[in-house]
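Participant: Here is my input; please provide its structure:
(chains A and B)
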Amino acid sequence: MAGTYRRSRLPGGVMGSRPSWIANVVGVVVLVVMAFPIYWMVVTAFKPKREIISPTPSFIPSPFTLDNFTKALDREYFWSSIGNSLIVTVAVVLLSIVVGLLAALAVAWMPFRGRGNYIVAIILVQMIPLTALVIPVYLMLNQVHLTDALVGVIITYLAFVLPFTIWTLRGFISGVPREIEEAAIIDGATRFQAFRLVILPLIAPGLVATSVFAFIQAWNEYILAYVLLSSQSKQTVTVWLAGFTTSRGTDWGPLMAASILVAIPVVVFFVIVQGRLASGLTAGAVKG
Amino acid sequence: MTITPDEVEAPNTVPDIVPVAHTARYGRLPYALVLPSVAVLLVVLAWPMYKLVTLSFQNYQLKELISGSGEWIGLSNYTDIFTDPQFWQVLVRSVLFTTVAVVGTMVVGMAFALLMRRMHAALRVVFTAVLVLVWAMPALVSITIWKWMFDYDYGVVNYLLGKLNPDWALINWFEDARIGLAVIAALVIWGALPFVAISLYAALGQVPQDVVEAAQVDGATGFTLMRRIVLPIIKPVLIILTSLSVIWDFQVFAQIWVILEGRPTSDYYTIGVYAFVQSFGINDYGRGAAIAIVMLLIMLVASLFYLRQMRRIGDED
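Facilitator: The predicted model follows:
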């Protein structure tokens, strides 16, 4: 999607020339409807409890309070679940980058027997839904007593983000003209220097994009973590968030505050990668 | 990386024969580079996939879970589910849910994309920002927000409806599964719209202006222009987005499971939930695996469309 998105920033194209006031009015209405759930999460998170469970809810938090955030932070297993999610996420990102980059280099640059089949396999396995594999993955890990361990989750997530990582990095790497590398070597660089100083900066946007993808997948995943990580001290943030109810019902204020805290890292990374993808790949590398 | 000095120093003065030179120069290196990825994919995708298939031919329940090996029972799991009226209800419900969610996503997504082409540039920036924000929401956060908005006692949706008509202030959205699943479909559509709308907006930008103008000179307008010129040109994107949506929506699980607090009644069972309940609810893993296989085979149809389109794009590279 990287290329498609990048091109979207170019002006022109069909039906883009005449902004109409009807489109603007409808656009504003649609905008409000789309944004409302997120707005409602934020408003609720900053409201005192009596305002939240009020028959006439206000649409602006008054009085404004941070109580819900302190309650969410003080809640059992909040910090351990954040820690677990961080461990899982960082491990998946690093492993997917290393393993994915190696494979992508081979696929993009080196003709080898079976490359076509390898690419087809990469696209094919992307089709396998995690939902369907939860059963055998659980039974497999159960046999080696790794069900309640983060490592099982990490390896499984790795397999699920790798196809995308390889596919995307392959696109970025084959977008880099080989002449650049050859030129660096002619100028006296070793092949490794040429890779580190010339190629790596050019594929950096691809690395950022795939890291963010892996991060988001690992941070957001729910079903496998829910099945595998049975003890509360091992659970990740999504499982923690889904279990945020008590016998006395749901405490919506702290739950919305917790939702914001869980969403923030993803939103930040997402926004970063959107900008990076838009900035183009080898712009200015080969001057015509 | 394992590159010997010889290879690095190798003079490369004949760029015309690069492919041949590369094959010779790289030797076994490419195999070493793809090996780790192949290993991970074999262990975590191929092997469980194989396990899933064999499991579906086995009696594998709590006793077998402890002993670690199932008893081969042939097609019994399949004949059991195919003769179970509940399975067919679940299947029809899943197909209906998927149809509503996918058609909703694509139609509204297309409307959004066309709207974005027509709106003021400044508004489009804000609009895109909101879409990206919605896109970025973790599924579990979205689920949590929607659960709160549709809360029976204090939900804002009931409050707003109550302002229109006091009779509507106390709707229990999840009492009737048909209404509950409609709300869940709306949540799924809301979450999928940004990706679809932004992709379609980009695709519309690819439609050559001169082709459109030529069609307009020939008298094509509005709907005809859309159907005869624009849709055929963006068809590859439409196929990819539709098949991805089918794949995502047919296996819906977390939305239903979390909104109903892990206790959905059987009239909420879609195929993903059903396979899960059969396996982890009543510990019949063999039967759960058979249901998962059926789910996979149905999704394979959508995948084939997706794969064909991706291969075409890959060939153009």
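
Participant: Flag the shaky bits of the stretch 1-150 of chain B, pLDDT-wise.
Facilitator: B:1-25 (pLDDT under 70).

Participant: Tell me how many other residues crowd B:Ile240.
Facilitator: Here the count is done by other C-beta atoms under 10 Å in any protein chain shown, and B:Ile240 has 19 residues near it. All C-beta atoms are positioned from the backbone trio N, CA, C, and that covers glycine.

Participant: any idea which helix or strand carries the closest residue to it other than its chain neighbours?
Facilitator: Distances taken as C-beta to C-beta, 6 or more residues apart in numbering or on different chains place B:Gln309 nearest to B:Ile240, at 5.3 Å, with adjacent residues excluded. Using DSSP states H and E, B:Gln309 sits in helix B:285-316.

Participant: mean confidence for that helix?
Facilitator: In this model, helix B:285-316 has a mean pLDDT of 85.

Participant: Pull the distance from that helix to the chain's centre.
Facilitator: Helix B:285-316 sits 11 Å away from the centroid of its parent chain (C-alpha atoms, centre = their mean, to the nearest Å).

Participant: Also stretch B:142-151?
Facilitator: For stretch B:142-151, the distance to the chain centre is 21 Å (C-alpha atoms, centre = their mean).

Participant: Test my guess that the residue nearest to B:Ile240 contacts B:Thr242.
Facilitator: No. Taking contacts as C-beta atoms under 8 Å, B:Gln309 lies outside contact range of B:Thr242: 10.0 Å.

Participant: Domain-wise, how is chain B divided?
Facilitator: B:5-49, B:76-316 (automatic domain parsing).

Participant: Which parts of chain A are helices?
Facilitator: A:2-8, A:21-45, A:49-52, A:67-74, A:78-109, A:115-125, A:130-143, A:150-174, A:178-186, A:191-193, A:200-220, A:223-228, A:237-242, A:252-278 (DSSP state H).

Participant: Tell me which of those sits nearest to B:Val230.
Facilitator: helix A:2-8 (15.5 Å; C-beta to C-beta).

Participant: What score does A:Ala121 have for pLDDT?
Facilitator: A:Ala121 is given a pLDDT of 89.

Participant: For it, give me its contacts.
Facilitator: The contact partners of A:Ala121, taken as C-beta atoms under 8 Å, 6 or more residues apart in numbering or on different chains, are B:Leu41.

Participant: 10 Å instead?
Facilitator: A:114, A:163, B:37-38, B:41, B:45-46 (C-beta atoms under 10 Å, 6 or more residues apart in numbering or on different chains).

Participant: in the stretch 1-150 of chain A, what spans have low per-residue confidence?
Facilitator: A:1-19.

Participant: now with 80?
Facilitator: Residue ranges of the stretch 1-150 of chain A with pLDDT under 80: A:1-19, A:126-127.

Participant: distance of the closest residue to B:Phe150 other than its chain neighbours from chain A?
Facilitator: Spatially, and ignoring its direct neighbours in sequence, B:Phe150 is nearest to B:Trp173 (4.5 Å; C-beta to C-beta, 6+ apart). Distance, B:Trp173 to chain A, using C-beta to the nearest C-beta, to the nearest Å: 15 Å.

Participant: Just say helix, strand or coil for B:Trp173.
Facilitator: For B:Trp173, the assignment made with DSSP: H, G, I helix; E, B strand; the rest coil gives coil.

Participant: Contacts only, for it.
Facilitator: B:146-147, B:149-152, B:155, B:157-158, B:179-180, B:182-184, B:259.

Participant: same question, B:Tyr78
Facilitator: B:56-57, B:287, B:290-291, B:293-294.

Participant: In what element of secondary structure is it found?
Facilitator: Following DSSP H and E, one finds B:Tyr78 within helix B:76-82.

Participant: Which helix or strand lies directly C-terminal to that helix?
Facilitator: helix B:85-118.

Participant: Next, count neighbours for the nearest residue to B:Val196 once chain neighbours are set aside.
Facilitator: Excluding its sequence neighbours, the residue lying closest to B:Val196 (C-beta to C-beta, 6+ apart) is B:Gly109, at 3.3 Å. By the measure other C-beta under 10 Å, the count of residues near B:Gly109 is 24.

Participant: which residues does B:Gly109 contact?
Facilitator: Counting by C-beta under 10 Å, 6+ apart, B:Gly109 has contacts B:189, B:192-201, B:238, B:241, B:245.

Participant: Please flag which of those sit within helices.
Facilitator: B:189, B:192-201, B:238, B:241, B:245.
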